[in-house]
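[1] 3D, please:
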Amino acid sequence: MKKHLLLISTLAITLINAQNNENLQQEFQRQNEQNNKKFESYISKTFGNDRNAETEKRIEELRANLAGFSGDVPNFYQAEDQNQIYNNNVDALTTAGGVTGLTTAFNGEGIKYTVFDGGRIYETHPVFDNATNRITNKEDATNAYSSHATGVASIIGGRAQGLNQSDSNGNVIATGNTKGVAINSTMDSYRFATTTLPGNTAASTVFNKILIAQPNLSNHSYGTNPGWDYHTIAEGYPNTGWYWGGNYFPTTNENYDLMGTYYTSDQNYDAIVYNNPSYIIVKSAGNYYGYGPGYSGTTTNAYYYTSTGYAAYTAGNAPDANCQQGADCIGYGSLAKNIIVVGATDIITTNNYRYTAATDVVRSSYSNAGPRDDGGIKPDIAAPGTDIWMASTADTTTGSASWQVGSGTSMSAPQVTGIIGLWSQIHKSLFNNLDLNAASAKTLMVHSALEAGTVGPDPQFGWGYIDAKGGAELLVGKSNNTTIFENETLTSGVANEKTVKASGSEPLKVTISWTDPEYVVSSNYWSDLYNNRASRLINDLDLRIIDTTTNTTYYPWKLDANSPTTPATKADNTVDNVEQVVFDAPVAGREYKIVVSNKGTLVNSAGTATPQDYSIIVTGFSEVLGTKEAISTNNIVIAPTITKDYVKVLKAPKKSAFEIFDITGKRLQGGTINTDETSVDLSSYPNGVYIINIKTDKEVISKKVIKE
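    Sure thing, here's the model as predicted:
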C-alpha cells in the first residue's frame, strides 16, 4: 500500500508582486479551494460514487498532488522516477567527474546481476534494448514472464524511457522516466519458486538455485508475512478478511508469530554466504507494517487457523496489528546475518530531491520494521520505494512491453543492489579487477550511510539511508590511502590493533563486518523460537576505540531487544555481525588505538576452530602509526602473499607448526617447521584465498595468501 506523496507546491502565479507575500498566500489559498471544487466534480464523473478503499486511497493521492486544471482536465504533480537516483546520489557515479578522483562514468559495464523473482524478466522489453543479451532467462520458457521481475530488473538497470501516465479518460496526469541504476549491466533471471531448471531432472528451491547461479550480486524482492495478511474469497479463503499467519491457542488466549524470528530460511541464507563469501545477497524487508483488522478502512473480520480449518476470533482476542509498537514485523527469511535487508522510504521531494538531513527521510507507511528478536539490526539499510516508475509486462509466456508505477520494499531493494554493483565496478577499476565480497560490501554500505531516523541504527531504517556517492568516495579514499578499507583475518585470542592520529576535523569512525556461520535453529517451534532473545551470533567479534591519553574506551552501537524503538546506545554488542564505533569529538593529533578482538573461540560452520575474516573501514584520521594484525613479535615472515605455487615461512622458531585452511575453514594440510626457511606447496589447490596459521609456543600467527 502506498504512502501519499507530499504536495510539492500550489499552482504558480505568472505575475506576482514579490513584496506582497501576504497577498500571494491569499491567492494560493483561493486557487486551492477553487481547484478542489473542480476536482470533486472530476472524481464523481471518473470514479463514480461506489468506491472501494484502494480507489479512495488513489483519489487522495491525486488530491494531494493536484496542481491545477487545463480547462476541465486536472494536472498533477508527480515525482519522476529518477528522483530516487538523485536521492541516493547515483548520478554522481554515472556521470564522469561526479566523484572527485574518478574521471570516468560507471554505468554497470562488466557487472552481472542475478534476479530471483516471481517469474522471468521480459528480455525484449525496450528498457533493455540498448545492448544485446542484457537479460538471460535461466528458467524454462514454459514459465511465465513477470511484471514484478521485469520492474525490479528495470530499477536495477533499465535504460532511460520517458513515459506518461493517464487517467481512465486518457488524460495525461503524470510523466516519468524508468532509468535504472546500472544501465549497461547484464542480468540473469531465476524464479524464487521451486522449479526444474532446463537440463535438470530434479526440482530446485531458491537456495539450490543460488548455489547453481553462483551470483556475485543478487536481488531478492520477496519474503514471508507471518503476521496479519488480507485475503478474499476469490483467493480461495472461506471469507474475505484478515488472516493471522501465526498460531492462536484458545484455551490460554495466546497468540504467537514468527515475526522477527531467525528461522530455517535465514539459516540457509547465512550458510550459503558463509560458505561462499563472495556472494552478496540483497533482500526486501516486506510491506506489512500496520496490517490488521480494520486497516485503512478494511473489514474487522479476523480469522485464525485451527486443526479443522479457519475459525473467527471472538471480540478482543485477536492480536495487535503488525508492528503496532513501531517494531517487530519483519518476516523470517529477511533476518539472516550475512545478507543485506532493505526497508523503503518515500521519495525526497525537497532541495532538488537531495538529502540534506535525517528529517528528509520518511519511512514508507508499509515498510516493515525490525529488529531481529535477539536485537540484531534489521533492516540493514533504507532506500526510496514509493511510486517508482518501472517497466512491466503481461504475466504470460508471451509477455509484452508495458509500464507501471509501483511501491514497496521490492522497489527499494533493487536500488541498493544496483548501487552495490556500481561500487563493485569502481572497486574493480581501482584494485586490479577485484570484486567486493559480502562483508566488504556491507561494511562500505554501512560506513557511508546517511543518518535517518534517530541517531545511530534503528529498527525502521537500519544503519541509515544509502548513499552511492559516499561509498564511491570511500573507495577513492582507499586508493589514495586517506581511508583504511581492508579485509583482515582474526585469530582467536590475538587482537588486531591499529594506532591512528585523529584529524579532529570529523568524527573518528570505524566499521567492521564479517560473514558469520549459520545459527542452527531449534525444532521446538514456539518454546525456543518465539521472541527468543538469545544471540544468533556464532563468532562474536568486538570493536573498540581506545583513547591512548585518557585510556577511555569507546563502544559500538546496539539496540535493546526488549525496547527496540528506544534510541540505540553504545555498549558491548553481542548480536550483530556489523559493529560500528563513532567518536564524535576526537582531539586533533591525539593517538587512538583501534582494537578488534573476539569472545570465546572462533569456529566455522562445523564448529572447528578457524580464523575469522572481516572487513574494516576507518575514517577521521590523519596518520596511521602502527598496525598489529596477528603479526608475530619475533619477526616471522610468510612470503610471497600472492603466489602460483609455493609460499615460504621464514624465521619461525623450530618445532613450530603450520596449518593451511581454505576460505571456508577446511583444513588442507599441516606440518612441523624445523628450519629457518620452510616451503609450503599450494600448487595442487585451485586459485583462491588461503589462510596459513603458524603456531609457536607463545602465539598463533595467521596470514592470508592468494593463489593465482
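
[2] next, count neighbours for residue 567.
    Counted with other CB atoms under 10 Å, the neighbours of residue 567 add up to 14. All C-beta spots, glycine's among them, are computed from the backbone N, C-alpha and C.

[3] brain fart, residue 681
    The tally of other residues near residue 681 (other CB under 10 Å) stands at 11.

[4] for it, which non-adjacent residue is spatially closest?
    residue 646 (5.8 Å; CB to CB, 6 or more residues apart in numbering).

[5] same question for residue 655.
    residue 672 (6.5 Å).

[6] tell me where the model's unsure across the stretch 401-550 of the chain.
    525 (pLDDT under 70).

[7] go with 80
    523-527 (pLDDT under 80).

[8] now do the helices in it.
    Assigned by DSSP state H, counting those that start in this stretch, the stretch 401-550 of the chain shows helices spanning 409-430, 438-448, 468-479, 525-529.

[9] just the buried residues of stretch 389-396, please?
    For stretch 389-396, the neighbour count (16 or more other CB atoms under 10 Å) marks 389-395 as buried.

[10] run through the stretch 101-250 of the chain and note the low-pLDDT ranges.
    Along the stretch 101-250 of the chain, the model assigns pLDDT under 80 to residues 161-177, 235-237.

[11] wait, the stretch 251-400 of the chain
    If you take pLDDT under 80 as the line, the stretch 251-400 of the chain has these spans: 306-309.

[12] what ranges do the helices span in it?
    264-275.

[13] residue boundaries of the strands in it?
    For the stretch 251-400 of the chain, applying DSSP state E, counting those that start in this stretch gives strands covering 254-256, 280-284, 302-306, 309-312, 340-345, 381-384, 388-392.

[14] and the longest one, what does it pack against?
    The one in question is strand 340-345. strand 280-284, strand 381-384, helix 409-430, helix 438-448 (3 or more CB pairs under 8 Å, 6 or more residues apart in numbering; DSSP states H and E).

[15] so which of the strands of the stretch 251-400 of the chain is nearest residue 239?
    Residue 239 lies closest, by CB to CB, to one member of the strands of the stretch 251-400 of the chain: strand 302-306, at 6.8 Å.

[16] tell me what the closest one is packed against?
    strand 241-244, strand 247-249, strand 309-312.

[17] neighbouring strands - and their directions - for the second one?
    Based on DSSP bridges, the strands next to strand 247-249 in the sheet, each with its direction, are strand 254-256 (antiparallel).

[18] what sits against the residue nearest to residue 217 when sequence neighbours are not counted?
    Distances taken as CB to CB, 6+ apart put residue 280 closest to residue 217, at 4.7 Å, once the chain neighbours are dropped. Counting by CB atoms under 8 Å, 6 or more residues apart in numbering, residue 280 makes contact with 215-218, 340, 420, 436-438, 441.

[19] among these, which one sits closest to residue 351?
    Using CB to CB, those come closest to residue 351 at residue 420, 25.3 Å.

[20] OK, contacts around the residue lying closest to residue 572 once chain neighbours are set aside?
    Leaving aside its chain neighbours, residue 572 sits nearest to residue 555 (6.3 Å; criterion: CB to CB, 6+ apart). Residue 555 sits next to 544, 570-573, 581 when contact means CB under 8 Å, 6+ apart.

[21] restricted to strands, list the residues you listed.
    544, 570, 581 (DSSP state E).

[22] so which of those comes closest to residue 466?
    residue 581 (21.0 Å).

[23] so what's the residue count around that closest one?
    Residue 581: 23 neighbours (other CB under 10 Å).

[24] check what pLDDT it gets.
    Note on residue 581: pLDDT of 98.

[25] who does it bridge with?
    Beta-bridge partners, per DSSP bridges, of residue 581: residue 510.

[26] and residue 547, by the same measure?
    Counting by DSSP bridges, the residues bridging with residue 547 are residue 592.

[27] report the contact partners of the residue nearest to residue 202 when sequence neighbours are not counted.
    Nearest residue to residue 202 in three dimensions, chain neighbours excluded: residue 196, at 6.8 Å (CB to CB, 6+ apart). Counting by CB under 8 Å, 6+ apart, residue 196 touches 140, 202-204.

[28] against residue 143, how distant is residue 196?
    Separation of residue 196 from residue 143 (CB to CB, to the nearest Å): 10 Å.

[29] kindly report the same for residue 434.
    Distance from residue 434 to residue 143, by CB to CB: 35 Å.

[30] distance between stretch 299-306 and the chain's centre?
    Relative to its chain's centre, stretch 299-306 lies at 33 Å (CA atoms, centre = their mean, to the nearest Å).

[31] mind listing what's buried in that stretch?
    So for stretch 299-306, counting by 16+ other CB under 10 Å, buried means 301-304.

[32] who does the host helix or strand of residue 93 touch, helix- and strand-wise?
    Element membership for residue 93 (DSSP states H and E) is helix 91-94. Helix 91-94 makes packing contacts with helix 409-430, helix 468-479 when contacts are defined by 3+ CB pairs under 8 Å, 6+ apart.

[33] that older thread, ok, the contacts of residue 196 vs residue 650, which is closest?
    residue 204 (48.1 Å).

[34] tally of neighbours for the closest one?
    Residue 204: 18 neighbours (other CB under 10 Å).

[35] and for residue 533?
    11.

[36] give me the nearest residue to it, chain neighbours excluded.
    Closest to residue 533 by CB to CB, 6+ apart is residue 561, at 5.0 Å.

[37] residues near that neighbour, how many?
    21.

[38] what about it, distance to residue 622?
    Residue 561 is 38 Å from residue 622, by CB to CB.

[39] contacting residues for residue 255?
    Residue 255 touches 244, 246-249, 304, 318-319, counting by CB under 8 Å, 6+ apart.

[40] which of the residues you listed sits closest to residue 333?
    Nearest member of the contacts of residue 255 to residue 333, counting by CB to CB, is residue 246, at 15.3 Å.

[41] now do the contacts for that closest one.
    If a contact means CB under 8 Å, 6+ apart, then residue 246 has 226-227, 255-259, 319 as its contacts.

[42] so what's it closest to, chain neighbours aside?
    residue 257 (3.3 Å).

[43] try residue 668
    residue 660 (4.5 Å).

[44] quick one: which helix or strand includes the one you found?
    Going by DSSP H and E, residue 660 is part of strand 656-662.

[45] which elements pack onto the very next helix or strand once past that strand?
    Downstream of strand 656-662, the next assigned helix or strand under DSSP H and E is strand 667-673. Counting contacts by 3+ CB pairs under 8 Å, 6+ apart, strand 667-673 is packed against strand 656-662, strand 677-681.

[46] if you set the cut-off to 7 Å instead, what comes out?
    Applying 3 or more CB pairs under 7 Å, 6 or more residues apart in numbering; DSSP states H and E, we find strand 667-673 packed against strand 656-662.

[47] partner strands of the strand it packs on and their direction?
    With DSSP bridges as the test, strand 656-662 pairs up with strand 667-673 (antiparallel), strand 688-695 (antiparallel).

[48] mind listing residues that contact the first one?
    Think strand 667-673. 649, 652, 654-662, 685 (CB atoms under 7 Å, 6 or more residues apart in numbering).

[49] which two among those are spaced furthest apart?
    654 and 662 (27.2 Å).
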